[in-house]
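S.K.: Sequence first, then the predicted structure, then my questions.
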Amino acid sequence: MKKRMFFSAIFLLFCLIVLTGCDPVFPQGTISIVPLETLSQGTTVDIEIIYPPPPGSIVFSWKEQNIEILKGIDIVTVSGLSITGLKPGIALIKVNATAYCSPGRQQESIYSTEIEIKVK
C-alpha cells in the first residue's frame, strides 16, 4: 500500500513538471486602445490600452507600455500614457506594450498599434 502511494505521488509530481514545462502561448492579435475624441489645444487625455484576450496563454504581466510620436511632433506631446494637444492638426502615434511570460522564463512579445490623434 505504501509503495502504491509513493508511486502515485511520484507520478503526480512528474505530470506536474511536464505540464508546467510547456512552451508559453502568447495571445493572438494585437492591442487596441479605447477610441479618443478630437482633442482641444491644451487638453490632456490618458490612453487606455485594451489587451488581446489571453485564452490558453501564460502571460504573467504587461510591461513597458509606451507611446511614440510617428508624425506631428509639434501637434501633440506625450508623457507616459498621456497625450496633450499643442496645436491644430493630425498626429500619428504608436502605442506599444510588452507581454511578459513569467519570472522563470525570460520570454517576451511586443504588441503595438498605430492611431491618428486629431487636435482642434
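M.R.: All right, it came through fine. Residues are numbered from 1 along each chain as shown.
S.K.: I'd assumed Lys118 was in a helix, is it?
M.R.: No: secondary structure assignment places Lys118 outside any helix; it is strand (DSSP: H, G, I helix; E, B strand; the rest coil).
S.K.: Phi, psi for Thr38 please.
M.R.: Phi and psi for Thr38, reported as degrees, to the nearest 10, are phi -60, psi 130.
S.K.: just checking, it touches Lys118?
M.R.: Yes: the pair Thr38 / Lys118 is scored as a contact, 4.5 Å apart, by C-beta atoms under 8 Å. For the C-beta atoms, the positions are set from N, CA and C on the backbone; glycine is no exception.
S.K.: Compare the two (neighbour count), which wins?
M.R.: Between Thr38 and Lys118, counting by other C-beta atoms under 10 Å, Lys118 is the more crowded of the two (16 against 12).
S.K.: what's near enough to touch that one?
M.R.: Contacts for Lys118 (C-beta atoms under 8 Å, 6 or more residues apart in numbering) come out as Thr38, Leu39, Gly89, Ile90.
S.K.: if we go to 6 Å?
M.R.: Neighbour list for Lys118: Thr38, Ile90 [criterion: C-beta atoms under 6 Å, 6 or more residues apart in numbering].
S.K.: for it, which residues make a bridge with it?
M.R.: Applying DSSP bridges to Lys118 gives these bridge partners: Ile90.
S.K.: Give me the distance between Phe11 and Ile75.
M.R.: 63 Å (C-beta to C-beta, to the nearest Å).
S.K.: again with Leu36
M.R.: 14 Å.
S.K.: do the same with Val95
M.R.: Taking C-beta to C-beta, one finds Val95 at 16 Å from Ile75.
S.K.: next one: Leu12
M.R.: For Leu12 relative to Ile75 (C-beta to C-beta), the value is 60 Å.
S.K.: more crowded one of those two?
M.R.: Taking other C-beta under 10 Å, Leu12 and Ile75 do not tie; Ile75 has more neighbours (20 against 10).
S.K.: which residues touch the more buried one?
M.R.: Leu86, Lys87, Gly89, Ala91, Val119.
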